[in-house]
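Enquirer: need coordinates for the below:
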Amino acid sequence: ESETLGFVVMESMASGVPVVGARAGGVQDLISHENTGFLFSPGDAQEASEYIERVLGDAQLRDRLVGAARREAERWDWKAATAVTRNLHYRRAMSNFRFRVFGGLGLPRSLTWLRWLRRRITSIFSFLQRIVLRKPDSIVS
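Expert: Numbers count the residues shown, from 1 in each chain. Predicted coordinates:
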């Protein structure tokens, strides 16, 4: 009932096949309900079958859905898909990398200074506790 990346949905849209998908995972981000296809509630086979019957029984609706879906699929060529990866996901990855490499000095935007400070203080206390609780090595005479 869900597909994380939605490749099957995009391939169907690009191929002129009407789409009916579960309102879950990445599928719900690709299908515009009643515009490029239909979304049904996960687990609701009755709702899914009603949408399929509507598409099969109404040629004008089917043609409208297929046309809109094809136009939407054409927007997501490799250049567009890689631009999203490069512009959004790459920046997040670099931010997380800087945060880890520089010991928290390259602070990700999602963290507040208070949360950062709390994490630092907790790690210092944890380190000190390990030192205090460590048993001294036995002295060899």
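Enquirer: what sits closest to Ala14 if chain neighbours are left out?
Expert: Computed as Cβ to Cβ, 6 or more residues apart in numbering, the closest residue to Ala14 that is not its neighbour in sequence is Ala73, at 3.9 Å. From N, CA and C alone the C-beta is placed, and that goes for glycine too.
Enquirer: what count of nearby residues applies to the one you found?
Expert: Other residues within reach of Ala73, judged by other Cβ atoms under 10 Å, total 20.
Enquirer: next one: the lengthiest helix in the chain to chain centre, how far?
Expert: Looking across the chain with DSSP state H, the single longest helix is helix 113-133. Once both centres are worked out by Cα atoms, centre = their mean, to the nearest Å, helix 113-133 turns out to sit 32 Å from its chain's centre.
Enquirer: stretch 37-49 now?
Expert: The answer for stretch 37-49 is 22 Å, by Cα atoms, centre = their mean.
Enquirer: quick one: end-to-end length of that stretch, please.
Expert: 13 Å (Cα to Cα, to the nearest Å).
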